[in-house]
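Student: Any chance you could fold what I've pasted below:
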Amino acid sequence: MRRIGTVLLLSLACGTVAAQSDGKKPSAPRPVSKFLPFSEGSIDGVPSVQIDGVLKLTQSGNQITASGLDVCFPYDGLSLRLDRLAIPLQVQGSTLSGSGVSTGGRQVAVALKRTGQKDSLGVEGTLTLPGHTIRIAQSDLVALNEDPTASIAQPDGTGEEDPDDGASVTDPSKVLATVKIANLTDLIRTVRAEGGRLDPVGLIPQCSTLRSGRATASIEVDPSRSAALLDKVRAVPGVTNAEFGTVLDHALLIRLKAKPNEADFASILSKAAQKAIPGLSTVSSEKDPSRGEVRVAFRRTLPDFAAVGIQEAITLRAFVWQDVRDTSKYYIRLRPLDAKLVDADPKPVLLSGRADTEGEDDSTASDLNTEAAQQAIGNALAAELHGEVWADERWVAK
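Tutor: Below you'll find the predicted structure:
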């Protein structure tokens, strides 16, 4: 009996030792990163809709172990131009602080505090920079598992769709370039030297542009000089991609098998417009050398206002290029038709500038249905030059 008890005690002891040897210490919680996008705040006490920030919080259990801030904000209270700060923050409980230099070269001090609980987080605090204070205060933020700024990085492409469906048309009158923000001035100098025209919209970068570090510039140029300009743009420091644009609206095109005589192009446009729109008289024509664009100005008398000198002024703009893929084809590109009422009387009664139209659309008064008139002009041009227009998703001869 005593022997049985001894064996039992030894067995229990061995089991206890084995259990202790197999036991493991509890592992530390795996760090998890959450991202809090916020957009509410003010600059110098004035509410701003241009704040775009993401606060990164790395947590181990309930404790914040690391943090970072990526935020865009206005240069000042009167500017649409943005500045950006992206820095790591020091963590002291729920208080987050740090300092760094913005994209615009300004020293910025950050003092933020995470507020709220798990399902209702918020952020409040200040960004202090020379001459300005930006206050952040937003609650009920939604924590994201992925960094929303990570998808901002732009590819080397310019972003304009160019479907390879056999119907896409390359537009050599437009050059699209992706350029590093720091080299925008180099690109401007090149475009100016080559006589191109740069769309100013790309000069005021949005937050996504600042985060990617690259801007997309749209340049218009005479198609006969566009190949040379494209080569020059590609050679600009900081340009990561440059290519011709694509015509997205085929309704503005006429496809031809032969190039119209350049000297006769203005008169061809005038004849087609007068055929399409009754009552037109040609006033003038000119060519824009920077874009190779011919402009023809017309006037039309309106029966209801003929006695008081009010007429309709219409401007038709168009240019020609050779297909860069198939040199046996040419295209006429029509610009959107301009039409407005004008006063031909020595004592004009119509307002020459914008009136006080609070609550109304800022539109130009016109009698002409410009969309229908443009289609009629395109058909008349195609018939005159034995060309084709785009209709029902295909080229149709006229």
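Student: Please count neighbours and contacts with C-alpha atoms only from this point.
Tutor: Will do.
Student: May I see the buried residues of the helix or strand harbouring residue 272?
Tutor: In the assignment (DSSP states H and E), residue 272 maps to helix 265-276. Buried residues in helix 265-276, defined by neighbour count with 16 or more other C-alpha atoms under 10 Å: 265-266, 268-274, 276.
Student: average pLDDT across stretch 103-115?
Tutor: Stretch 103-115 shows a mean pLDDT of 95.
Student: Pull the residues that contact that stretch.
Tutor: Stretch 103-115 is contacted from outside by 83-85, 94-102, 121-130, 139, 210, using C-alpha atoms under 8 Å, 6 or more residues apart in numbering.
Student: Out of those residues, which sit inside helices?
Tutor: Secondary structure from DSSP state H places residue 210 of the contacts of stretch 103-115 in helices.
Student: Kindly give a single PyMOL line that selects the buried subset of the contacts of stretch 103-115.
Tutor: Command for PyMOL, covering only those of these found buried under the criterion 16+ other C-alpha under 10 Å:
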select buried, resi 83+84+85+95+96+97+98+99+100+102+121+122+123+124+125+126+127+128+129+210
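Student: Which strands or helices does the helix holding residue 272 pack on?
Tutor: Helices and strands touching helix 265-276, as assessed by 3 or more C-alpha pairs under 8 Å, 6 or more residues apart in numbering; DSSP states H and E, comprise strand 280-288, strand 293-301, helix 370-385.
Student: between those, which gets nearest to residue 251?
Tutor: Of all the helices and strands packed on helix 265-276, helix 370-385 sits nearest to residue 251, with 7.6 Å by C-alpha to C-alpha.
Student: quick one: average pLDDT of that closest one?
Tutor: According to the model, helix 370-385 has a mean pLDDT of 95.
Student: could you give the angle of it to helix 265-276?
Tutor: 120 degrees (axes from the mean of the first three to the mean of the last three C-alpha atoms, to 10 degrees).
Student: Tell me which residues are up against helix 370-385.
Tutor: 251-256, 260, 268-269, 272-273, 275-277, 334, 336-339, 387-389, 397-398.
Student: Can you pull out the low-pLDDT segments for the protein?
Tutor: 1-28, 152-166, 352-364 (pLDDT under 70).
Student: Outline the domain layout of it.
Tutor: Here the domain assignment for the chain is 32-141, 169-247, 250-350+363-397, based on automatic domain parsing.
Student: among those, which is the most enclosed?
Tutor: Mean neighbour count (mean count of other C-alpha atoms under 10 Å) peaks for domain 169-247 among the domains of the chain, with a mean of 19.
Student: quick one, helices of this structure?
Tutor: Here the chain has its helices, by DSSP H, at 2-22, 184-193, 207-212, 226-234, 265-276, 370-385.
Student: and the fourth one, what other elements does it pack with?
Tutor: Packed against helix 226-234, as judged by 3+ C-alpha pairs under 8 Å, 6+ apart, are the following elements: strand 169-180, helix 184-193, strand 239-247.
Student: Let me know which of those is the nearest to residue 321.
Tutor: Smallest distance to residue 321 across the helices and strands packed on helix 226-234 (C-alpha to C-alpha): 7.5 Å, for strand 169-180.
Student: The closest one packs against which elements?
Tutor: Taking 3+ C-alpha pairs under 8 Å, 6+ apart as the contact cut, strand 169-180 packs with strand 214-220, helix 226-234, strand 239-247.
Student: Tell me which of these sits nearest to residue 287.
Tutor: Using C-alpha to C-alpha, these put strand 214-220 closest to residue 287, at 14.6 Å.
Student: what are the pairing partners of that closest one, and which direction each?
Tutor: Neighbouring strands of strand 214-220 in its sheet, by DSSP bridges, are strand 169-180 (antiparallel), strand 197-198 (antiparallel).
Student: can you redo those as TSV with distance to residue 229?
Tutor: Below are the strands paired with strand 214-220 laid out as TSV (distance: least, C-alpha to C-alpha, whole Å):
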stretch	distance to residue 229
strand 169-180	8
strand 197-198	11
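Student: Make a markdown table from the helices of the chain and add distance to residue 56 to it.
Tutor: Shown next, in a markdown table, are those (distance: least, C-alpha to C-alpha, whole Å):
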| stretch | distance to residue 56 |
| --- | --- |
| helix 2-22 | 39 |
| helix 184-193 | 31 |
| helix 207-212 | 15 |
| helix 226-234 | 37 |
| helix 265-276 | 59 |
| helix 370-385 | 50 |
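Student: For stretch 260-268, measure first residue to last.
Tutor: Chord length of stretch 260-268, first to last residue, is 9 Å (C-alpha to C-alpha, to the nearest Å).
Student: ah, wrong one, I meant stretch 326-339
Tutor: First-to-last distance for stretch 326-339 - C-alpha to C-alpha - comes to 35 Å.
Student: Can you tell me what sits against it?
Tutor: 252-259, 312-323, 364, 366, 368, 370-371, 374, 378.
Student: Just the ones of the residues you listed in strands?
Tutor: Counting by DSSP state E, the part of the contacts of stretch 326-339 found in strands is 253-256, 312-322.
Student: which of the residues you listed sit farthest apart?
Tutor: Maximum distance among the ones in strands among the contacts of stretch 326-339 (C-alpha to C-alpha): 33.6 Å, for 312 and 322.
Student: Return the residues in contact with residue 29.
Tutor: 60-61.
Student: I should have written residue 49 there, sorry.
Tutor: 39-41.
Student: Recalculate using a threshold of 7 Å.
Tutor: residue 40 (C-alpha atoms under 7 Å, 6 or more residues apart in numbering).
Student: any idea how far it is from residue 73?
Tutor: 9 Å.
Student: all strands in the stretch 51-200 of the chain, in order from the N-terminus.
Tutor: Along the stretch 51-200 of the chain, the stretches classed as strands by DSSP state E, counting those that start in this stretch are 52-60, 63-74, 82-92, 95-101, 107-117, 120-129, 132-141, 169-180, 197-198.
Student: Off-centre distance for the shortest one?
Tutor: Between the mean C-alpha point of strand 197-198 and the mean C-alpha point of its chain there is a distance of 16 Å (C-alpha atoms, centre = their mean, to the nearest Å).
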